[in-house]
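Engineer: Here is my input, please return the structure:
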Amino acid sequence: MTETAQVTKRWSVDIFIDEHDGQTRAEARLVSGDRTHLSGSGRARRNPADPSVPEIGDELAVARALSELAHRLLHAAADDIEGVTAARTAAAGAERR
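Structural biologist: The predicted structure is shown next:
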């Protein structure tokens, strides 16, 4: 019987928010213990006719930044899968020769 060791990894996302001239900008940076370094950014702009509620701008900008980060992470995973799959296919092809 083979035992597998449990490994716990910790990834976190740092979020930076700034507001300037009625625009809110957020950046979400993935912090991991490996070579994965990704970030996403998002913006929100308040309509001048709307009441000033800074939390709404923060929420929109952060949501957009996290969404972009999620898409970039999915693309990175897809690229990694393709790289591993292509490497295995190439190795299998070389063994058959």
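
Engineer: quick one, helices of the chain?
Structural biologist: 54-96 (DSSP state H).

Engineer: roughly how far apart are the residue nearest to the spatial centre of it and residue 54?
Structural biologist: The geometric centre of the chain, computed from its C-alpha atoms, lies nearest to residue 69 (CA atoms, centre = their mean), at 2.7 Å. Counting by CB to CB, to the nearest Å, the separation of residue 69 from residue 54 is 22 Å. Using the backbone N, CA and C atoms, a C-beta is placed for each residue, glycine as well.

Engineer: Kindly report the same for residue 33.
Structural biologist: 34 Å.

Engineer: So for those two, which residue has more residues nearby?
Structural biologist: residue 54 (11 against 8; other CB atoms under 10 Å).

Engineer: right, and the more buried one touches residue 22 too?
Structural biologist: No. In this structure residue 54 lies outside contact range of residue 22 using CB atoms under 8 Å: 10.6 Å.
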